[in-house]
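Peer 1: model this:
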Amino acid sequence: MRPGIALIGLLVCLLSGIWLTGSGAPAEAATTERVVVNRFTGVAIEGFDPVAYFVDGRAVQGTAEFEANLWGAVWRFRNEGNRASFLTHPEVYGPQFGGYDPADIARGVTIAGNPRFFAIVAQRLYLFSREANRDAFAADPERFLYEVGKRWPALLEQLGQ
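Peer 2: This next block holds a predicted model:
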């Protein structure tokens, strides 16, 4: 193998978080594109507690003390009760569309939602990439969800590849 190609391969491995040590640690940080996670840590929604949006009505940071692994992601919570609630009903408390912005999905693109821009509509959590997207969605969620329904299956299939 030529040295230049080997160096490029090494850089790609380092930048993508793929390690060839066999230690097992990187596998714990493996991520999935179907859920928005930090590609280095595997932590979903920047470590914010998904249940707190419902209980407290605001974004609250979770802690490493209360974690759960689900859907290829590490979820953090502020207490054991929130963790237990999430594990009992992840379809309710987990961000819809894996944390991707539904306003962007309606346009046919997947852009990660920012946990600080959120809305709860019909007892479901939605995260948005921008405040303007959240406000537009909140004004007419049915229209956005109709468009998302047409585009999400194909986008989800692409994310899983």
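
Peer 1: so how far is residue 59 from the spatially most central residue of the chain?
Peer 2: Centroid-nearest residue in the chain, with C-alpha atoms, centre = their mean: residue 36, separated by 2.4 Å. For residue 36, the distance to residue 59 (C-beta to C-beta, to the nearest Å) stands at 14 Å. All C-beta atoms are positioned from the backbone trio N, CA, C, and that covers glycine.

Peer 1: cool, residue 139 as well?
Peer 2: In this view, residue 139 and residue 59 are 21 Å apart by C-beta to C-beta.

Peer 1: These two: who's more crowded?
Peer 2: residue 59 (18 against 9; other C-beta atoms under 10 Å).

Peer 1: In the chain, what residue spans correspond to helices?
Peer 2: 3-16, 25-28, 52-55, 80-88, 90-93, 102-107, 131-139, 141-159 (DSSP state H).

Peer 1: Where among the ones you listed is average confidence lowest?
Peer 2: Lowest mean pLDDT within the helices of the chain: helix 25-28, a mean of 32.

Peer 1: backbone phi and psi for residue 108, please?
Peer 2: Dihedral pair for residue 108: phi 100, psi 10, per degrees, to the nearest 10.

Peer 1: unless I'm mixing things up, it is touching residue 152, no?
Peer 2: No: Residue 108 is not in contact with residue 152 according to C-beta atoms under 8 Å; the separation is 9.9 Å.

Peer 1: who's in contact with the closest residue to the residue nearest to the centre of the chain other than its chain neighbours?
Peer 2: Distances taken as C-beta to C-beta, 6 or more residues apart in numbering place residue 99 nearest to residue 36, at 3.5 Å, with adjacent residues excluded. By C-beta atoms under 8 Å, 6 or more residues apart in numbering, the contact list for residue 99 reads 35-36, 44-45, 112-113, 115, 127.

Peer 1: Thank you, goodbye.
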